[in-house]
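Visitor: attaching a predicted model along with its sequence, questions to come.
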Amino acid sequence: MNKHLIAPSILTADFLHLDEEIRMVNKSEADLLHLDIMDGVFVPNLTFGFPVIRQIKSVSNLPLDVHLMIVEPDRYLEEYRDAGADWLTVHYETCPHLHRTIQKIRELGMKPAVSVNPHTDVALLEPVLGDLNMVLVMTVNPGFGGQKFIDASYTKIRKLRKMITDAGAKTLIQIDGGVTEENIGSLIEAGVDVFVVGNTVFSAKDPVQVISNLKKTF
Ligand code: DX5
Ligand code: ZN
């Protein structure tokens, strides 16, 4: 059985009762808490900022996996660390000096990850693969929860898995978007390590049970 991690994304949680939602995740078998930060520029949606992250940090028992969908992320790396980010993901498409950005994230004490949009070839990450704790392959176009999984992602995931094996790297493969109880099995087979799951968890009647089902899949 492959050991894989589940990272619930609170994007589709009930924000009026965020405290309860996070306590529910604390009680579950989830491994990371995924926070989606959107700026209305890189993606056509807006979410939340540092004060909300700090408050989430004070309630969550899990490491915070912060996914930045913002332009010029270098301007705020330290603030995200101070707000409580443990893992910090920047988008390849937003970083002209990606190597420098990755080093800075690590120097600040966070685990660096880089995300690629559906149109971006994972081969572009080959020069920095060994510097990354994780690569996030977007399996929907970023911006919204509840979208349909893009099937062409399987080819990208397999290609990335081969790149990591060939490089002898320990980099994890994370995917984000459209993960369900139905497709998680074939995605584990394709080589995914970490699953971001929004809608499938937060629109379920019993989210703790769904997280448990996702963890048990192999
Ligand atoms: C989309 C976000 C995702 C989103 C996934 O831009 O990055 O983290 O919450 O949601 P689902 O699992 O509903 O596709
Ligand atoms: Zn995300």
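Guide: Great, that's in hand. Ligands and ions are numbered 1, 2, ... in the order given.

Visitor: for whichever strand or helix holds Lys156, give the mean pLDDT please.
Guide: Using DSSP states H and E, Lys156 sits in helix 153-167. Model confidence over helix 153-167, given as mean pLDDT, is 98.

Visitor: please name the bridge partners of the residue in the chain that ligand 2 sits nearest to.
Guide: With CB to the ion, the shortest gap between the chain and ligand 2 falls at His67, namely 3.7 Å. (Glycine included, C-beta is placed from N, CA and C.) Partner residues in beta bridges with His67, using DSSP bridges, are Asp36, Thr89.

Visitor: who touches it in this structure?
Guide: 9, 34-37, 89, 115, 136, 176, 196 (CB atoms under 8 Å, 6 or more residues apart in numbering).

Visitor: most surrounded residue in these?
Guide: Across those, the neighbour count under other CB atoms under 10 Å reaches its highest value at Thr89, namely 30 neighbours.

Visitor: put together JSON lines for the contacts of His67, with pLDDT and distance to ligand 1 on each row.
Guide: As requested, the contacts of His67 are arranged in JSON lines below (pLDDT from 0 to 100; distance: CB to the nearest ligand atom, whole Å):
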{"residue": "Ser9", "pLDDT": "98", "distance to ligand 1": "4"}
{"residue": "His34", "pLDDT": "98", "distance to ligand 1": "6"}
{"residue": "Leu35", "pLDDT": "98", "distance to ligand 1": "9"}
{"residue": "Asp36", "pLDDT": "98", "distance to ligand 1": "5"}
{"residue": "Ile37", "pLDDT": "98", "distance to ligand 1": "9"}
{"residue": "Thr89", "pLDDT": "99", "distance to ligand 1": "9"}
{"residue": "Ser115", "pLDDT": "99", "distance to ligand 1": "8"}
{"residue": "Leu136", "pLDDT": "99", "distance to ligand 1": "9"}
{"residue": "Asp176", "pLDDT": "98", "distance to ligand 1": "5"}
{"residue": "Val196", "pLDDT": "98", "distance to ligand 1": "5"}
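
Visitor: before I go, just wanted to say thanks for your time.
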